[in-house]
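Q: Sequence first, predicted model second:
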Amino acid sequence: MSAATERAFPAMSVREVREGLAAKQFSAREVAEASLARIRALDGATHAYLETTEQLALEQAAALDAAVAAGTLDACGPLAGVPVAFKDNMNLTGTHTTCSSTMLANYVSPYTATCVARTLAAGAIPLGKLNMDEFAFGSSTETSAFGPSKNPWDLTRVPGGSSGGSAAAVGAGLATITLGSDTGGSIRQPGSFCGTVAVKPTYGVVSRYGVVAFGSSLDQVGPFTRSVEDAAYALNAIAGRDALDCTSQALAIDFTANLAQGVEGMRIGIVPAFMDAQGLTAEVKAKVEEAAEHLRALGAEIVEVDLPNAQAAMSAYYVLGPCEAFSNLARFDSVRYGYRDPGHADLNGQYEASRAKGFGPEARRRIMLGSYLLSAGVYETYYYPAQQVRTLITQDYERAYEQVDCILAPVSPRTAFTFGEVSDPTDMYLSDMFTISINIAGNGGMSLPVGLGADTGLPVGVQLVSPQFKDENMLRVAAALETVYGPAPVAPGFAPDAAAPLGAPTTLPDAADAVPGVDLPGVLVDGKAGA
Ligand code: GLN
């Protein structure tokens, strides 16, 4: 293997890895070792990773290399040999699953999330677990108890959040695919900030089993990649019915099937109220308009659609989200598991101190808000109307989709901000003004990188939104736009051939060393994950 090839892991595409393995240009072991070496050499600057999973990676690679030798690589799955990593709210047996919280700093997963198991069963090589905002509350990773991740395009800026580590890892070429979760924008906004493809599928496409819950009616898992095709491969691996999550749906979709079809004859919606929204920066607006022009030139019809109730999405979300979070986070009680503050004679004192110290300020804010909003008398004033608003917004989208196949919108009103720049919580909440209504309605939404903003020179994503369970529509439009903009590059300072790399070495803990005596799940390449 040439030095250049070695440095390119894991900055390769799914197709490149698979073809290289099949042609014996390199081995799965080389992919695993070079990927882990690259993380150790560079991630000190980005802090995308919290923990590596070297032992698992090498076991998986050994199984793949045995399959190559036996001529059975094709049976190993569509992600054979592809370096992947997981947001740290996804359980993987024998690894820490901390949700970037002191509350779960010592928690070791006794089981594996379905989305993770399916990724590994598809043959992917697991590199590690990724940093995030605490319990996925935030838009910048600044609420992580273990320190923020940095944007690989500019280390003085946030990568977005809450799946900031997942976005930074792909943007820096430190994984080919990562998984994140999106409750109000947490896949799409960091994808936009770090210049990656980032897909939040329709609610129910991917099983939530084993993913630590934030807002159970809103959460959805999806992939970060550097190309639309890679995202489709990832979705093929993780999507579909899982008997362990009753909201997951049986699907018979090959997400790669219509990527080359183009947009000729498609109708694509633009929402005038989004384009005129206060706070939308000129450079982001210009990029959405530019993407619309390209789509028109490629043969699509651009149609204006109205979502008359979408402006209420933010208010509804900050009622529904905290209520669900309050309920979900009740389980971290310091008794069954979670941080336990020592030295309390009475149980109430232990609860109070453990939850006060185990949760950071944003988590405590959401819990207090949720407990208030669900209290008697208040419930009727806020929670109930928020559910009614939810129905209205869902109906708005349904009406819009009678006219169009897909909607084009901004992802985030602006490009990546600097650390500390957005300090007021309600200003931070505005990061998701264009993404939240999609979780409320349960549609599919994704961010596609469309180059750099004219004013800041930082990555900009445009959002494509699909009707429920028609996620293939947005992928098709994204693939057409990608023919204009090209696949997402690795951030220049992290490019395999960068003259002056921005990365810095790190000594990350590895799951196998950090958790001695715990049985790792072993090789999953042949595993039958989920049901
Ligand atoms: N930024 C939003 C919030 O803090 C969305 C987070 C998410 O999607 N997990 O709630």
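A: In hand now; what should we look at?
Q: Spatially central residue for the chain, please.
A: For the chain, the residue nearest the mean C-alpha position is Gly180 (2.4 Å; Cα atoms, centre = their mean).
Q: Now do the same contact list for the closest residue to it other than its chain neighbours.
A: Among residues not flanking Gly180 along the chain, Ser163 sits closest, at 2.9 Å (Cβ to Cβ, 6 or more residues apart in numbering). C-betas here are computed from N, CA, C, even on glycine. Going by Cβ atoms under 8 Å, 6 or more residues apart in numbering, Ser163 touches 87, 130, 132, 136, 178, 180-182, 186-187, 190, 198, 224.
Q: just those that are near the ligand?
A: For the ligand, the contacts drawn from the contacts of Ser163 by Cβ under 6 Å from any ligand atom are 136, 182, 186.
Q: interface residues of the stretch 1-150 of the chain facing the ligand?
A: 136-139.
Q: Out of those, who's the most crowded?
A: The most crowded member of those, judged by other Cβ atoms under 10 Å, is Phe137 (32 neighbours).
Q: dump the residue contacts of it.
A: Contact analysis of Phe137 by Cβ under 8 Å, 6+ apart lists 143, 162, 214, 325, 362-363, 366.
Q: Count residues in the vicinity of Gly457, would you?
A: Neighbours around Gly457, by other Cβ under 10 Å: 11.
Q: typo on my end, Asp424
A: So Asp424, with other Cβ under 10 Å, has 8 neighbours.
Q: where does it land on pLDDT?
A: Here, the pLDDT recorded for Asp424 equals 92.
Q: And the furthest pair within the residues of the stretch 1-150 of the chain next to the ligand?
A: Taking Cβ to Cβ as the measure, those span a maximum distance of 10.3 Å, between Ala136 and Ser139.
Q: for the stretch 301-450 of the chain, what are the low-confidence residue spans?
A: For the stretch 301-450 of the chain, no stretch has pLDDT under 70.
Q: can you tell me the residue of it closest to the ligand?
A: Residue nearest to the ligand within the stretch 301-450 of the chain: Asp432 (4.9 Å; Cβ to the nearest ligand atom).
Q: Report the contact partners of that residue.
A: Per Cβ under 8 Å, 6+ apart, neighbours of Asp432: 139, 184-185, 189, 314, 317, 412.
Q: Just to check, Phe434 is in contact with Arg414?
A: No. Between Phe434 and Arg414 there is no contact under Cβ atoms under 8 Å: 11.0 Å.
Q: Please identify which of those two sits among more neighbours.
A: Higher neighbour count among Phe434 and Arg414: Phe434, with 29 against 21, using other Cβ under 10 Å.
Q: what about that one, distance to Ala273?
A: 10 Å (Cβ to Cβ, to the nearest Å).
Q: can you check Leu452 too?
A: For Leu452, the distance to Ala273 - Cβ to Cβ - is 26 Å.
Q: the more surrounded of these two?
A: Leu452 (16 against 13).
Q: Where do the helices of the stretch 301-450 of the chain begin and end?
A: Remark: helices assigned in the stretch 301-450 of the chain by DSSP state H, counting those that start in this stretch are 313-328, 347-358, 361-373, 378-381, 383-403, 425-429, 436-441.
Q: ok, and which of those helices has the densest surroundings?
A: Neighbour counts (mean count of other Cβ atoms under 10 Å) averaged over each of the helices of the stretch 301-450 of the chain peak at helix 436-441, with a mean of 28.
Q: That helix and the ligand in contact?
A: No. Using Cβ under 6 Å from any ligand atom, helix 436-441 never reaches the ligand; the gap is at least 7.2 Å.
Q: ok, back up a step: so what's in contact with Phe434 and Arg414 at the same time?
A: Listed as contacting both Phe434 and Arg414 by Cβ under 8 Å, 6+ apart is no residue at all.
Q: Strands of the stretch 1-150 of the chain, start to end?
A: Secondary structure of the stretch 1-150 of the chain (DSSP state E, counting those that start in this stretch): strands at 49-52, 83-87, 125-130.
Q: For Ala260, find the nearest of these.
A: Judging the strands of the stretch 1-150 of the chain by Cβ to Cβ, what sits closest to Ala260 is strand 83-87, at 24.7 Å.
Q: Contacts for the closest one next, please.
A: With Cβ under 8 Å, 6+ apart as the test, strand 83-87 has contacts from 9-10, 17, 31-32, 35, 48-49, 92, 113, 116, 119, 124-130, 132, 163, 165-166, 169, 174-181.
Q: Neighbouring strands of it in the sheet, and parallel or not?
A: Looking at strand 83-87 with DSSP bridges, its partner strands are strand 125-130 (parallel), strand 177-182 (parallel).
Q: and the first one, average pLDDT?
A: The average pLDDT within strand 125-130 is 98.
Q: Following element in sequence after it, please.
A: helix 164-171 (DSSP states H and E).
Q: Show me what that following helix packs onto, helices and strands only.
A: helix 28-46, strand 49-52, strand 83-87, strand 125-130, strand 177-182, helix 188-194, strand 220-225 (3 or more Cβ pairs under 8 Å, 6 or more residues apart in numbering; DSSP states H and E).
Q: now the ones next to the ligand among the contacts of Ser163 as a markdown table including pLDDT?
A: Converted to a markdown table, the ones next to the ligand among the contacts of Ser163 look like this (pLDDT from 0 to 100):
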| residue | pLDDT |
| --- | --- |
| Ala136 | 98 |
| Asp182 | 98 |
| Ser186 | 98 |
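Q: now, which of these sits nearest Val205?
A: The closest of these, once distances to Val205 are taken by Cβ to Cβ, is Asp182, at 11.7 Å.
Q: show me the contacts for the closest one.
A: Applying Cβ under 8 Å, 6+ apart, the residues near Asp182 are 163, 188, 200, 219-222, 435, 439, 445.
Q: Of those residues, which is the most crowded?
A: Ser163 (38 neighbours).
Q: ok, back up a step: dump the ones next to the ligand among the contacts of Ser163 into a markdown table; add distance to Pro308 as well.
A: Output for the ones next to the ligand among the contacts of Ser163, formatted as a markdown table (distance: Cβ to Cβ, whole Å):
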| residue | distance to Pro308 |
| --- | --- |
| Ala136 | 29 |
| Asp182 | 24 |
| Ser186 | 26 |
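Q: Checking my notes, Ala291 in a strand, right?
A: No. Assessed with DSSP: H, G, I helix; E, B strand; the rest coil, Ala291 is helix; it does not lie in a strand.
Q: What's the end-to-end length of stretch 325-333?
A: Terminal residues of stretch 325-333 are spaced 14 Å apart (Cα to Cα, to the nearest Å).
Q: wait, stretch 428-443
A: Stretch 428-443 has an end-to-end distance of 23 Å (Cα to Cα).
Q: Return the distance of that stretch from the chain's centre.
A: With Cα atoms, centre = their mean, to the nearest Å as the basis, stretch 428-443 stands 14 Å off its chain's centre.
Q: Stretch 25-35 now?
A: For stretch 25-35, the distance to the chain centre is 25 Å (Cα atoms, centre = their mean).
Q: Tell me which residues of that stretch come out buried.
A: Across stretch 25-35, burial judged by 16 or more other Cβ atoms under 10 Å covers 26-35.
Q: State the distance from Thr202 to Leu251.
A: The gap separating Thr202 from Leu251 is 9 Å, by Cβ to Cβ.
Q: Name the residue in those two with the higher neighbour count.
A: Taking neighbours as other Cβ under 10 Å, Thr202 and Leu251 compare with Thr202 leading, 24 against 19.
Q: Give me the secondary structure label for Thr507.
A: coil.
Q: how about the nearest residue to it, chain neighbours excluded?
A: With Cβ to Cβ, 6+ apart, the residue lying closest to Thr507 is Arg40, at 7.6 Å.
Q: Could you give the number of residues near that neighbour?
A: Arg40 has 17 neighbours, counted by other Cβ under 10 Å.
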